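Participant: Build me a model:
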Amino acid sequence: MGVDDLLVLIPAYNEAASLPSVLAEVRALVPGADILVIDDGSSDGTFRLVDRLGVRVLRIHERIGVGGAVRTGLRYAGRLGYSRVVRVDGDGQHRPSDIDALMTPITQGVADVTFGSRYAQVRVGIVRRTLAMCLTALTGRQVTDPTSGFCAFGPRAIDLLSDHHPTGYGEAELLLFLSRNGLRAEEVPVAFRPRIAGRTTLTPLRKTTAIARIVLAMLIVPLRSGVERPAS
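Facilitator: Predicted structure coming up:
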C-alpha cells in the first residue's frame with residue numbers, strides 16, 4: 001500500500017495557533033498522504049486558516065466533541081475509499097515521525113487499530129494505571145495507555161467506526177468497543193510532546209465527567225451485543 005490510500009485526520013477545536021506547524025510537519029514527514037481537518041465548531045478562525053493553507057477541511061458549526069469529529073472523518077474516509085486513516089491531534093503533541101510505526105501492524109495485517117502508547121516503557125500515575133489494568137482485564141490484551149488519541153485505523157475499523165466511534169473523549173470506550181466487536185487492537189510505543197500553543201479543553205470538570213463515563217462504559221459495553229454487519 002502507498003501513501004495515496006492514507007488519510008491523515010486532524011480533529012481540531014480552536015487550534016489556529018498550532019495548526020500551521022502541525023500541517024507543515026505532516027506534509028514534510030508523510031509526503032503524498034491526504035490530510036483532512038475536522039473543525040469542531042471552532043471560534044478562533046480555524047476553518048478560514050486551514051482553507052487558506054490549501055488543506056481539506058470539514059466544518060462542524062456546533063461543537064460535537066473530538067469523538068464525534070473523528071467519526072465524521074472516518075465516514076468521509078469510508079465514502080472516498082481510503083483503506084487507512086491515522087488520527088493526529090491539532091495541538092502538536094503527536095509526532096508525525098511516528099506515523100510509519102503506528103501504521104506498520106495495520107499494513108502487515110496483524111491489527112485493525114493501533115494506539116500510540118506514551119507509557120509502554122514508563123510508570124504512570126495511579127488513576128491511569130488502574131484504568132489500564134481494568135481495560136487489560138476486560139479486553140484480554142495489554143493496555144498501557146488508556147487515553148491515547150494518537151491512533152490508526154485499517155479498513156475493517158473504518159467501516160465499523162464510521163457509524164459507531166464513541167463520542168466525547170471516548171478513547172477508553174473505543175478500546176472496549178473494539179474488543180466487543182472482534183477487531184484487533186495493538187499498542188505501539190511513541191513519544192509525545194507538549195502542545196505547541198493554547199491550552200487543553202479537558203478541564204477538571206470534563207476530566208471528572210470523562211472518568212465517570214469510562215467507568216459506566218466498563219460496566220455496560222461488555223454486556224452489549226456486537227454490532228451486526230452485512231456479510232462481505
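Participant: For the closest residue in space to residue 13 that isn't next to it in sequence, give the beta-bridge partners.
Facilitator: Excluding its sequence neighbours, the residue lying closest to residue 13 (Cβ to Cβ, 6 or more residues apart in numbering) is residue 40, at 4.5 Å. In short, each C-beta sits where N, CA and C put it, glycine included. Under DSSP bridges, the beta-bridge partners of residue 40 are residue 60.
Participant: Next up, the contacts around residue 40.
Facilitator: Applying Cβ atoms under 8 Å, 6 or more residues apart in numbering, one finds that residue 40 lies in contact with 11-13, 60, 63-66, 68-69.
Participant: In a helix, residue 161, correct?
Facilitator: Yes - applying DSSP: H, G, I helix; E, B strand; the rest coil, one finds residue 161 inside a helix.
Participant: returning to what we had before: and which of the contacts of residue 40 is nearest to residue 168?
Facilitator: residue 65 (4.6 Å; Cβ to Cβ).
Participant: neighbours of the residue nearest to the closest one when sequence neighbours are not counted, just the number please.
Facilitator: Spatially, and ignoring its direct neighbours in sequence, residue 65 is nearest to residue 168 (4.6 Å; Cβ to Cβ, 6+ apart). As a burial measure, residue 168 scores 15 neighbours (other Cβ atoms under 10 Å).
Participant: What is the three-state secondary structure of residue 168?
Facilitator: With three-state DSSP as the basis, residue 168 sits in coil.
Participant: Next: residue 10.
Facilitator: Residue 10 ends up strand, using three-state DSSP.
Participant: what do you get for residue 101?
Facilitator: Taken by three-state DSSP, the conformation at residue 101 corresponds to helix.
Participant: State the distance from it to residue 60.
Facilitator: The gap separating residue 101 from residue 60 is 30 Å, by Cβ to Cβ, to the nearest Å.
Participant: more neighbours, the two?
Facilitator: Using other Cβ under 10 Å as the criterion, residue 101 and residue 60 rank with residue 60 on top: 18 against 15.
Participant: mind listing the strands for this protein?
Facilitator: Under the criterion DSSP state E, the chain contains strands at 6-12, 34-40, 56-60, 84-87, 113-117, 151-153, 185-189.
Participant: Mean neighbour count, the ones you listed: which tops it?
Facilitator: strand 151-153 (a mean of 28; mean count of other Cβ atoms under 10 Å).
Participant: elements contacting that one?
Facilitator: Applying 3 or more Cβ pairs under 8 Å, 6 or more residues apart in numbering; DSSP states H and E, one finds that strand 151-153 contacts strand 84-87, helix 99-107, strand 113-117.
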